[in-house]
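J.: Structure, please.
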Amino acid sequence: MHRMETQQQVVTANGITQAVRVAGPVDGVPVLLVHGNCSSAAFWEPLVRRLPETMRVVAPDLRGYGATQTAPVDANRGLTDFADDVAALLDEPSLFAEGARPVVVGHSLGAGVAMRLLVERPDRIAGLLLAAPVSPYGFGATRDLAGTPTTPDLAGSGAGTASGDFVARLAAGDRSAEARTSPRSVLRAAYVADPGCLGEDEELLLDSVLSTATGPDNYPGDATGSPNWPGSAPGGRGVLNALARFRVAEELVAVTPKPQVTWIRGDADVIVSDTSLFDLAQLGALGVVPGWPGPQECPPQPMIGQTRAVLDRYAEAGGTYREVTLPGCGHSPHLERPAEFVAELLTLAGVDPV
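T.: Model (predicted):
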């Protein structure tokens, strides 16, 4: 089989210059790939190579990632800045045929963008594939399946939770592997369960991670002090604050029409989990962050449980969803279990396997 190869286009949409990787014929079966945090559209390249040439693949770099303009992120809008950028691409004739309804594939943060995109443009979405998705109640500082905030100011989530050393190494373009907080080490340890799956794509994927724009307007954002443990709360700018303030549960349940949703996750994911190692409440429970006030006051966020509860309600309201749990898989199912991932995507898109 001939391998799909992407070409990069640059378009101006939603008022910013966006870099978009495309492959396949414009009138092919459309699929829109939305990458996650600290990555770019290049993170999809190993997947695109496995897709049939009859598909039209569109994979944008989100603002502040890859080669797209480093526009600021208004965290008070959750992930809506990103969703607005992607929504504008749906009407770009060089990317999609007129009226195209793509299957939208979102990874991690990008899955949150995909959920928000469905809410904003339900008439233009044929299906949703959520890969290791952020909870519909955001990332961090919620205590139960209903997404109740742990504190009014969402203390313990947002930009203040980021590793300062990781951010500094990201900004410096550090490609080393010695430090636990180097981007390469984080890619190997957190993005996947088995770093061996990265193979010869490791440098490409590291380039993608290192394309992240750093600073208070982008990654990680600005933080503010809090009287609540651990002493910081999300500010109003930047990516981690946008994730902390992201809320889409009620709108997702109510959206009409309701396309099929496929939710793919790994049971060894350390980022999106009911015991996430990136959730300060979980790190407090493990004794890594001192002063944790205990499980009654500050329980770890039940991320998987929250997503399942919202999708159950989506189904009760007339939608359908399928949960696929991959044993031994980490945060990047499309890299770690590509055959199963492609099969689920083709089924969702109504394309015969090749």
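
J.: And what about Leu118, helix, strand or coil?
T.: Following DSSP: H, G, I helix; E, B strand; the rest coil, Leu118 is assigned to helix.

J.: Let me see the contact set for the residue nearest to it when sequence neighbours are not counted.
T.: Spatial nearest neighbour of Leu118, excluding adjacent residues (CB to CB, 6 or more residues apart in numbering): Ile125 at 5.0 Å. The C-beta positions use only the backbone N, C-alpha and C, and glycine is treated the same way. Counting by CB atoms under 8 Å, 6 or more residues apart in numbering, Ile125 makes contact with 101-104, 117-118, 259.

J.: So which of the residues you listed sit within strands?
T.: In this view, the contacts of Ile125 that belong to strands under DSSP state E are 103-104.

J.: what's next to the longest helix along the chain, contact-wise?
T.: Ranked by number of residues, the top helix in the chain under DSSP state H is helix 303-316. With contact meaning CB under 8 Å, 6+ apart, helix 303-316 is reached by 130, 133-137, 139, 142, 145-147, 249, 252-253, 258, 261, 263, 265, 272-274, 276, 279, 321, 323.

J.: I'd like to know which elements the next helix or strand after it is packed against.
T.: Using DSSP states H and E, the helix or strand that follows helix 303-316 in sequence is strand 321-326. Secondary-structure packing of strand 321-326 (3 or more CB pairs under 8 Å, 6 or more residues apart in numbering; DSSP states H and E): strand 260-266, helix 303-316, helix 338-349.

J.: ok, the residue nearest to Thr148 when sequence neighbours are not counted - how many residues close by?
T.: Nearest non-adjacent residue to Thr148, counting by CB to CB, 6+ apart: Thr142, 6.1 Å away. Applying other CB atoms under 10 Å, we find 26 residues neighbouring Thr142.

J.: My guess is Thr142 contacts Thr150. True?
T.: Yes: between Thr142 and Thr150 there is a contact at 6.3 Å, judged by CB atoms under 8 Å.

J.: For Pro220, give the beta-bridge partners.
T.: Gly215 (DSSP bridges).

J.: And Val261, by the same measure?
T.: Leu128, Tyr321.

J.: ditto for Gln7
T.: What pairs with Gln7, by the bridge criterion (DSSP bridges), is Val22.

J.: what number of residues lie near it?
T.: 8.

J.: ditto for Ala172
T.: Neighbours around Ala172, by other CB under 10 Å: 12.

J.: where along the protein do the strands fall?
T.: 7-13, 16-23, 29-34, 55-60, 103-107, 127-131, 214-215, 219-220, 223-225, 232-234, 260-266, 321-326.

J.: Most tightly packed of these?
T.: strand 103-107 (a mean of 29; mean count of other CB atoms under 10 Å).

J.: From the rest of the structure, what touches it?
T.: Under CB under 8 Å, 6+ apart, the answer for strand 103-107 is 30-36, 39, 43, 112-115, 117-118, 125-133, 332, 334, 345, 348-349.

J.: Swap in 6 Å and give it another go.
T.: Contact with strand 103-107 is made by 31-36, 113-114, 125-131, 348-349, as judged by CB atoms under 6 Å, 6 or more residues apart in numbering.

J.: Likewise for stretch 197-208?
T.: 39-40, 42-43, 46, 184, 187, 335-336.

J.: The closest residue to Asp174 other than its chain neighbours: neighbour count?
T.: Spatially, and ignoring its direct neighbours in sequence, Asp174 is nearest to Ser182 (5.3 Å; CB to CB, 6+ apart). Ser182 has 20 neighbours, counted by other CB under 10 Å.

J.: how about low-confidence regions in this structure?
T.: 1-2, 354 (pLDDT under 70).

J.: those helices in it, which residues are they?
T.: 45-48, 80-89, 109-120, 164-172, 183-186, 202-210, 239-245, 249-254, 280-285, 303-316, 333-336, 338-349.
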